[in-house]
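Asker: Could you work out the structure for the sequence below:
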Amino acid sequence: MNKSIGILFAPTHNAFNVILIGLCGYLIFRSDNRGIIFFSAVFQLSGWLIVQWISCYTGQLLEDSVSELREELYSMNWYDMNHSLRSTFKLFQLQLSLPVHFKIQPFPVLNKYRFSDLIKGVYSFFMFLQGRNY
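Answerer: You can find the predicted model right below:
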């Protein structure tokens with residue numbers, strides 16, 4: 001059930017984020033600085049960017065933590081352990097060598113590169129909207 005919801009949710013979520021954030025930026029740029037549309041767009045833009053930044057930052061923290069744990073694990077003196085602990089250590093090391101990511105099913109990995117790609121998409125959409133007015 002969770003994977004099927006993710007397959008339906010992820011593409012629309014990613015496309016709508018770019019469109020909504022770009023439209024909010026466009027409304028801020030085109031409206032007067034004291035109107036209700038301006039304040040509403042600023043509030044929505046702030047909310048969308050904060051939610052995206054928190055999710056991508058959390059994913060990046062997870063990747064950084066696993067990387068630090070992996071480095072600490074590789075620097076341990078495993079050869080000084082007793083035999084039963086050594087076999088458990090090897091299994092733990094094998095499991096830790098697999099990549100760990102915070103994902104939206106089925107494809108986007110949430111990290112600082114995903115946030116950068118989102119901002120690039122928002123900028124492209126914003127410039128497209130700006131170009132239509134000239």
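Asker: Contacts for stretch 19-28 next, please.
Answerer: With Cβ atoms under 8 Å, 6 or more residues apart in numbering as the contact definition, stretch 19-28 has outside contacts at 37-38, 40-42, 44-45, 48-49, 52, 118, 121-123, 125-126, 129-130. In this view, the C-beta of every residue, glycine as well, is placed from N, C-alpha and C.
Asker: List the buried residues of that stretch.
Answerer: Buried residues in stretch 19-28, defined by neighbour count with 16 or more other Cβ atoms under 10 Å: 20-28.
Asker: try stretch 104-114
Answerer: Buried residues in stretch 104-114 (16+ other Cβ under 10 Å): 104, 108, 110-111, 114.
Asker: centre of the chain versus that stretch, how much separation?
Answerer: 5 Å (Cα atoms, centre = their mean, to the nearest Å).
Asker: so after the helix or strand where Phe43 lies, what's the next helix or strand?
Answerer: Using DSSP states H and E, Phe43 falls within helix 36-74. Remark: after helix 36-74, the chain's next helix or strand is helix 83-96, criterion DSSP H and E.
Asker: same question for that next one, mean pLDDT?
Answerer: Mean pLDDT, computed over helix 83-96, is 85.
Asker: again, but for stretch 30-49
Answerer: 85.
Asker: Any chance you could list what contacts it?
Answerer: Here stretch 30-49 has contacts from 17, 20-21, 24-25, 27-28, 133, using Cβ under 8 Å, 6+ apart.
Asker: Sort out which one of those lies nearest Trp78 for me.
Answerer: Asn17 (44.3 Å; Cβ to Cβ).
Asker: dump the residue contacts of the closest one.
Answerer: Going by Cβ under 8 Å, 6+ apart, Asn17 touches 48, 52, 118, 122.
Asker: Going by neighbour count, which of those comes out on top?
Answerer: Val122 (23 neighbours; other Cβ atoms under 10 Å).
Asker: Which helix or strand contains that one?
Answerer: With DSSP H and E as the test, Val122 turns up in helix 112-131.
Asker: chain center to that helix, what's the gap?
Answerer: In terms of Cα atoms, centre = their mean, the centre of helix 112-131 is set 14 Å apart from its chain centre.
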